[in-house]
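1. pasting the sequence and the predicted model now:
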Amino acid sequence: MCRFVSTNVELKFVILKFSVIFFSADSSQNREVVFEGDEVTRVYFVQTGRIKILKITAGSKKLITGLYGPGEFFGYLTLLEGTPHRNSAVAVDDSELIYVPQDDFSQLLLRNREVSQ
């Protein structure tokens, strides 16, 4: 799990530089953040709310494989591996996510040891 101290100056820069996306837990149209099999082009930082990570089994059952809240990144493992998303991500609560494009996230990891741990 990638956690980040919100007082870090570089994270504040990332928040100002990139787009904030809103997801509503009440609306079926705006609830899914990522679908399993999607190409990975960015990572997500949870600013507010909670995001549930789901794996759909062969029998169409939904297994919860993760839960992310404020101050956490998700989607970074598949980005670093260069593979499609292995899971889907869904907003549990009304959520604000910051998306960070792949190249910028790679640079953030290289420049900031705290993010990469």
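-> Sure thing, it's come through.

2. doesn't Asp104 fall inside a strand?
-> No - per DSSP: H, G, I helix; E, B strand; the rest coil, Asp104 lies outside any strand segment and is helix.

3. can you tell me how far it is from Ile56?
-> 30 Å (CB to CB, to the nearest Å). No exception for glycine: its C-beta is placed from N, CA and C like everyone else's.

4. what's the answer for Val46, then?
-> Separation of Val46 from Ile56 (CB to CB) stands at 22 Å.

5. neighbour count winner among those two?
-> Val46 (20 against 13; other CB atoms under 10 Å).

6. I figured that one was touching Val92, is that so?
-> No - with contacts counted by CB atoms under 8 Å, Val46 stays clear of Val92, the gap being 10.5 Å.

7. show me where this structure has its helices.
-> With DSSP state H, the ranges of helices along the chain come out as 9-17, 76-81, 102-111, 113-116.
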